[in-house]
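A.B. asks: I would like to see how this sequence folds:
(2 chains)
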Amino acid sequence: MATSLELQVENPSGLHARPAAAFVRTACTFQSDIRVANLTTGSEPVTAKSIIGVLGLGVQRGHRIRLLVDGSDEGSAAEALRALVEAGLGEAELEPGSARPA
Amino acid sequence: MELAGVGAAPGIAVGPVWRYASSAAGRGRPSLDIRVAAELAAAELMALAGRVRASGRADDAAILEAQSLMALDPLLLDAIEARAKSIPSPGGRPMATGDRADALASIVEAVAGSTADTLAALPDETLAARAADVRDVGARIARIVTGRVVALPDQPAIAVADDLPPSVAAEIPDGQLLGVALERGSATSHAAILARGLGIPAVVGVRGLLAASASNIEATTVALDGDAGRVIFAPSSDELAALESERRDREAAGAKARSLRGQPGRTADGHAIELLANIGRVEDADRALEAGAEGVGLFRTEFLFVGRSGAPTEDEQATAYRKVFAAFGERPVVVRLLDVGGDKPLPYLRLAAESNPFLGIRGVRLAGEHRPILLTQLRAIARAGAGLASVPRVMAPMVATLEDVDRFRSMVDEAFADLDRSGIERAAHFELGIMIEVPSAAMMAAELARRVDFFSIGSNDLTQYVLAMDRTHPELAAAADALHPAVLRAIRMTIDGARAGGIEVAVCGELAGDRIGSLVLAGLGIAELSMDAGRLDAVRFELQQRSFAELEQLAAAALAAGSAQEVRALVRPAR
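C.D. replies: Down below sits the predicted model:
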């Protein structure tokens, strides 16, 4: 029984560099097989434990992603990744380019 | 021999050449197990990240941390292992260790290279930098496999390279890097950002640099001018003398600008121009005070709201605002209401999708459906303002109509009434202001001025809306110049309206911190300029070089100009 969930990525820089690293680091703490696809671009799913694969999804702000989690700890893995994405993937501040300075 | 490039970090440096190439190397003990080599590379990168983070460069540290994940990336390692199976064993005998290491290393670099190419080919420009990061990780693993090490400079030196990856730059001990000259790279590349952070000059995009370096291999000295974008191999004594006198001139100008800290902003003949700082976090307050800010002209509050799953509580906000008010004491602090919208959404705000977010629900327009979040913020500001030496100044962004101001006022009244009902102490009143960043607000300035206590011109958005050009658009960004006479005329209108209503006008966009922009604005009659704290020294200095009458003449000529280029040409280069 795999767990599937869809999320919208809302942090300013999408799944780039730092947010992608946070996502992959969290995925790597679970035993389950975790796959992620970019629904907005219709990409093929990749393993969520590969930062190169996740970067290659080209997830930008506003894109929707689907997670497929399969394994012994799939419930907690899905919950942890959902919480991380909804909390903005560790981007505590607006990126310089996206903030309306004035 | 002199080459031209793009000046990416200011300053002048002269020193020995340190040539860096990713394959450069002395021999050590090879490591034939790819998994072990990858683990080692990841560990090295994490250690570097820790060191870089400790020295305060969090952005560089984040890149190194992402690279440590790349070193252990399953896609990369699986592809390398699959290819490594095909390393031949000549005549059934095992290859010599060194040859086997070389073969494995070239597979690592080939796989990393093709992976990087795939990333770089995606239609997302920011991935090009990540592609370079992957190549750099491949080079590091390959070095470990073959046991080679990068020879770091053994004395303070100037790096001459195709590109200088952050992971290599981070290994150079503090103080050993005097400057950076790169064949590739741009002003926004990591090496350029690093150089600015270290306060050393950088010249990037120098075509022919590596060829020149190779043909001047006996040249042991190189000179860089990061302001003018010049690289000189084996400079003559005349060239060195000229650079040295230039360096002294600039240093004197910089020191003179710094020496004015603590003095209020004014022209040569004593006309006061208040110099304020823009801040975006509580911690920015200290930096602003140190730079001699006379107050805060724009306190952006978005930092409290982003990167979380729910809105901050009233208590949490009040604590943050109180800290900033306390830091500035009697000096004014202008708090801007939460400025978000469809173009920079908050997940918990649940804004409807819009086909044109820049013309949609943003700023004070949230006062409709999302009134509660703004009311909470206003209550928090009022609580933080209780018993304060100064009256809190609060301003609303994105005001386009008189009704927007009425809604803003009614929210403030409601927030005050809420607190009074609960018997909570609050500021007796606010000074209410609005951002002027929409053309309609500039046109209605006289009417708006009768309804509020101050204006603050957001020159960045005003420019975008007046010219209908996105400042981040790759083809339009250069033309979306806030010094365009159309923008200056909108500012003129705003000032005239404010005068009719008897209120003050500040400018808090990037134009206020621009060398030419600050002079033109002062000449137009703006008495408060609010900018990044790092710009205060330079603007304070420039204003003191000119009389107010000179600035008024400059402003009149700027208003009459036909283009932003003509406006910029009105001001002589510094010194």
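A.B. asks: wait, what's in contact with the residue of the stretch 151-300 of chain B found nearest chain A?
C.D. replies: Nearest residue of the stretch 151-300 of chain B to chain A: B:L298, at 5.8 Å (CB to the nearest CB). Heads up, the C-betas are built off the backbone N, CA and C, glycines and all. By CB atoms under 8 Å, 6 or more residues apart in numbering or on different chains, the residues touching B:L298 are A:A102, B:L276, B:N278, B:I279, B:V334, B:R336, B:S456, B:C508, B:S530.
A.B. asks: Quick check: the two most widely separated of the residues you listed?
C.D. replies: The two members of these with the most space between them (CB to CB) are B:I279 and B:S456, at 13.9 Å.
A.B. asks: which of the two has more neighbours?
C.D. replies: B:S456 (29 against 26; other CB atoms under 10 Å in any protein chain shown).
A.B. asks: Which elements pack onto the helix or strand harbouring the more buried one?
C.D. replies: In this structure, B:S456 is located in strand B:454-457 according to DSSP states H and E. When contacts are defined as 3 or more CB pairs under 8 Å, 6 or more residues apart in numbering or on different chains; DSSP states H and E, strand B:454-457 packs onto strand B:393-396, strand B:431-436, helix B:445-449, helix B:485-501, strand B:504-507.
A.B. asks: just to revisit the earlier point, pairing partners for the helix or strand harbouring the residue of the stretch 151-300 of chain B closest to chain A, with directions?
C.D. replies: If you go by DSSP H and E, B:L298 is part of strand B:296-299. With DSSP bridges as the test, strand B:296-299 is paired with strand B:274-279 (parallel), strand B:333-336 (parallel).
A.B. asks: Would you quantify the distance from the residue nearest the centre of chain A to chain B?
C.D. replies: Closest to where the C-alpha atoms of chain A average out (CA atoms, centre = their mean) is A:F23, at 5.2 Å. Relative to chain B, A:F23 is positioned 10 Å away (CB to the nearest CB, to the nearest Å).
A.B. asks: any idea how far that residue is from A:V36?
C.D. replies: 8 Å (CB to CB, to the nearest Å).
A.B. asks: Are there residues contacting both of these two? Which ones?
C.D. replies: Shared contacts of A:F23 and A:V36 (CB under 8 Å, 6+ apart): A:A48, A:V54.
A.B. asks: hang on, the earlier thing: is it possible to get JSON lines of the helices and strands packed on strand B:454-457 that adds mean neighbour count?
C.D. replies: JSON lines is the format used below for those (neighbours: other CB atoms under 10 Å in any protein chain shown):
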{"stretch": "strand B:393-396", "mean neighbour count": "26"}
{"stretch": "strand B:431-436", "mean neighbour count": "24"}
{"stretch": "helix B:445-449", "mean neighbour count": "21"}
{"stretch": "helix B:485-501", "mean neighbour count": "20"}
{"stretch": "strand B:504-507", "mean neighbour count": "26"}
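A.B. asks: pLDDT weak spots in the stretch 51-200 of chain B?
C.D. replies: B:89-95, B:124-126, B:186-189 (pLDDT under 70).
A.B. asks: Can you pull the residues of it lying near chain A?
C.D. replies: B:62-63, B:65-66, B:69-70, B:73-76, B:115, B:118-119, B:122-124, B:126-127, B:129-130, B:134 (CB under 8 Å from any CB of the partner chain).
A.B. asks: Find the nearest non-adjacent residue to residue 57, please.
C.D. replies: Since you didn't name a chain, this refers to chain A. A:N38 (4.3 Å; CB to CB, 6 or more residues apart in numbering or on different chains).
A.B. asks: Can you look at chain B instead?
C.D. replies: The nearest residue in space to B:R57 (CB to CB, 6+ apart) is B:G197, at 5.7 Å.
A.B. asks: in what helix or strand does that neighbour lie?
C.D. replies: Assigning secondary structure by DSSP H and E places B:G197 in helix B:190-198.
A.B. asks: That helix - contacts with which helices or strands?
C.D. replies: Using 3+ CB pairs under 8 Å, 6+ apart: helix B:190-198 touches strand B:6-9, helix B:58-71, helix B:166-169, strand B:177-182, strand B:202-204.
A.B. asks: Deepest-packed of the ones you listed, please.
C.D. replies: strand B:202-204 (a mean of 30; mean count of other CB atoms under 10 Å in any protein chain shown).
A.B. asks: which of the residues in the next helix or strand after that strand are buried?
C.D. replies: As assigned by DSSP H and E, the chain's next helix or strand after strand B:202-204 is helix B:209-215. For helix B:209-215, burial by neighbour count (16 or more other CB atoms under 10 Å in any protein chain shown) applies to B:L209, B:L210, B:A212, B:S213.
A.B. asks: Adding distance to B:A367 and pLDDT as columns, could you present the residues you listed in a markdown table?
C.D. replies: Putting those into a markdown table (distance: CB to CB, whole Å; pLDDT from 0 to 100) gives the following:
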| residue | distance to B:A367 | pLDDT |
| --- | --- | --- |
| B:L209 | 55 | 92 |
| B:L210 | 58 | 90 |
| B:A212 | 61 | 88 |
| B:S213 | 60 | 87 |
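A.B. asks: ok, which pair from those residues is furthest apart?
C.D. replies: Within the buried residues of helix B:209-215, B:L210 and B:A212 form the most distant pair, 7.3 Å apart (CB to CB).
A.B. asks: List the neighbouring strands of the helix or strand containing A:R66 plus their orientation.
C.D. replies: Using DSSP H and E, A:R66 maps to strand A:64-70. Using DSSP bridges, strand A:64-70 pairs in its sheet with strand A:3-8 (antiparallel), strand A:33-38 (antiparallel).
A.B. asks: list the contacts for B:T463?
C.D. replies: B:M469, B:R471, B:A480, B:D481, B:A482, B:H484, B:V487, B:G509, B:L511.
A.B. asks: on that earlier part again, report the mean confidence score over the strand holding A:R66.
C.D. replies: For strand A:64-70, the mean pLDDT works out to 95.
A.B. asks: quick one: contacts of it?
C.D. replies: With CB under 8 Å, 6+ apart, strand A:64-70 has contacts from A:2-9, A:15, A:30, A:32-40, A:45, A:48, A:57, A:59, A:77-78, A:81-82, A:85.
A.B. asks: Give me the secondary structure label for A:P12.
C.D. replies: coil (DSSP: H, G, I helix; E, B strand; the rest coil).
A.B. asks: And it, how close does it get to chain B?
C.D. replies: The gap separating A:P12 from chain B is 7 Å, by CB to the nearest CB.
A.B. asks: any idea how far B:A129 is from that residue?
C.D. replies: Taking CB to CB, one finds A:P12 at 16 Å from B:A129.
A.B. asks: what's the neighbour count on B:V160?
C.D. replies: 27.
A.B. asks: and it, what does it touch?
C.D. replies: Per CB under 8 Å, 6+ apart, neighbours of B:V160: B:V17, B:W18, B:R19, B:Y20, B:A181, B:L209, B:L210, B:S213, B:V222.
A.B. asks: residues in contact with the residue nearest to A:L57?
C.D. replies: A:N38 touches A:L57, A:G58, A:V59, A:H63, A:R64, A:I65, counting by CB under 8 Å, 6+ apart.
A.B. asks: who wins for neighbours among those residues?
C.D. replies: A:V59 (28 neighbours).
A.B. asks: List the backbone torsions phi and psi for that residue.
C.D. replies: phi -80, psi 120 (degrees, to the nearest 10).
A.B. asks: If we ignore the residues flanking it in sequence, what's nearest residue 41?
C.D. replies: With no chain named, the answer covers chain A. Per CB to CB, 6+ apart, closest to A:T41 is A:G58, 6.3 Å.
A.B. asks: Please refer instead to chain B.
C.D. replies: Using CB to CB, 6+ apart, the nearest residue to B:A41 is B:A71, at 4.2 Å.
A.B. asks: Thank you kindly, that will do.
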